[in-house]
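1. Dropping the sequence and predicted coords here.
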Amino acid sequence: MDASLTPATVCDVLLDAAITADADSLWLEPRAGAEDRYELSIERQGRALATSTLDGAMGAAVVARLALLADIDLVSRRPASGSCVVRLPKTSAEIIVTTRPGRSPRAEVFVRNLSRPRVVAATPATIGGGAQLGQYTIETRLGAGGMGQVFKATHRVLGRACALKILNHEGASPDAAARFLREARAAARIKHPNIVDVFDFGHVPDGRPYLVMELLDGKSLGDFMDGDPLEPRLAVKIARELASALAASHAAGVVHADVSPSNVLIEGDTAKLVDFGLAQMLDDPGRLAAGEASEFVFGTPAYISPEIIRGLNAEPASDQYALGAVLYEMLSGEPPFRATSVRELCIKHLTAPVPAVESPVAALPPELGRIVTRCLAKKPGARFPSMAELHAALVEAEQAFAVGGWRRFLTP
């Protein structure tokens, strides 16, 4: 490669080549056993379209340039992700950049061409044990839902077990594919012990997208509760972990917008927030203007906030409302509002007073009831100023349980 080229120029050339070739990924990493050289691969569906090498200094500088474009802080020394739109004279693409630290940094870039939407074939590809998607070998199917199927898979090179989620062929509309990509983008932005780690993205040969995430051995919070209330101290611990996860999500500019028991997995003694399919990016230029309402409302009815019901943007305070409803259910055994129809349930979210939370398992500290009631306030401004402040309140409530001294919350 011409020694006079700058890292910015090399980065631009690589992105131009990847987008023009309709690639879906670009990999830049140190050569094994020779970190003074970088290996470069531009790929589509796991097949290399072009490969090359860069000297170590140039490779590291190009990784830094990609991090700058995606607004990633390389100083943090942690894996991090970001995204941006790259515009060429005749096309444009969204790139999702993930950087991984080490003696020599590395970068993974996933590319979505915005000018040539991917078309799903009329006949679905057969996915079963032994099938290969990109760098992954399918082992067994773990489950299926309305949006997609989840398989256990193994990375062929690393031997790492993972969960691979594929969009259903029957629902592979452009809107569904966009939601799938939104889930990958949102989860990739955040690294937190209580959020499922999404680390790869690609397409099945028939055009359907898939995403790859850590393999979790647990059950949903809904199945974990199984219609019964939890011991209050455990309920507060789970809520505290979810508040910590959501605070990190909000700091990364992502509102989950669908916090519910079905979107929380309990693995051992740890809660994990999953399914960012309805997430909203606070910096998304396509978000509704202030006061503008959408024709459509998405979310789980028992946990949806009043402002989302009105068709407004989901905001950080909307996640707070949903978490408050989940905490209410963990403590009492049922959600705060029940109804025989979705319409009636939404009206209760909008107008009905918040019922006092009571646990049939044990007496609750009054302060815990006030925390739940504040989360479920009808107006976002009446809730906690931030998820971080709600997290702090839950930490204090959990500590009170730990020392058995919750009576200190009682008003003299």
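-> That came through, no problem.
2. show me the residues around Pro229 that make contact.
-> By CB atoms under 8 Å, 6 or more residues apart in numbering, Pro229 lies in contact with 235, 330-333, 359-361. Glycine gets a C-beta too; all of them are placed from N, C-alpha and C.
3. In the sheet, which residues pair with Arg37? Tell me.
-> Legend: beta-bridge partners of Arg37 under DSSP bridges are Asp55.
4. Quick one: low-confidence residue ranges for this protein.
-> Applying pLDDT under 70 to the chain picks out residues 1-4, 35, 45-46, 76-79, 115-126, 145-147, 169-179, 182, 283-299, 402-412.
5. The closest residue to Gly268 other than its chain neighbours: what's it in contact with?
-> Of all residues beyond its chain neighbours, the one nearest Gly268 is Gly218 (7.1 Å), with distances taken as CB to CB, 6 or more residues apart in numbering. Contacts for Gly218 (CB under 8 Å, 6+ apart) come out as 265-268, 272.
6. And Gly218, how far from Ser332?
-> 23 Å (CB to CB, to the nearest Å).
7. Same question for Glu344.
-> Per CB to CB, Glu344 is found 20 Å from Ser332.
8. Comparing these two, which shows the higher neighbour count?
-> Neighbours per residue, other CB atoms under 10 Å: of Glu344 and Ser332, the larger number sits with Ser332, 21 against 13.
9. tell me the secondary structure for Tyr210?
-> Secondary structure state of Tyr210, per DSSP: H, G, I helix; E, B strand; the rest coil, is strand.
10. I'd guessed it sits against Phe201; true?
-> Yes. With contact defined as CB atoms under 8 Å, Tyr210 reaches Phe201; the gap is 7.3 Å.
11. Secondary structure, distance to Glu214 and neighbour count added to the contacts of Gly218, as TSV?
-> Formatted as TSV, the entries for the contacts of Gly218 read as follows, by DSSP: H, G, I helix; E, B strand; the rest coil; distance: CB to CB, whole Å; neighbours: other CB atoms under 10 Å:
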residue	secondary structure	distance to Glu214	neighbour count
Leu265	strand	10	21
Ile266	strand	15	20
Glu267	strand	10	13
Gly268	coil	14	8
Lys272	strand	9	22
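12. any idea which of the contacts of Pro229 is closest to Ala23?
-> Proximity of the contacts of Pro229 to Ala23 (CB to CB) peaks at Met330, which lies at 45.3 Å.
13. need the contact list for the nearest residue to that closest one once chain neighbours are set aside.
-> Nearest in space to Met330, with sequence neighbours left out and distances taken as CB to CB, 6+ apart, is Ala235 at 3.7 Å. Listed by CB under 8 Å, 6+ apart, the contact partners of Ala235 are 229, 327, 330-331.
14. Great, nothing more from me.
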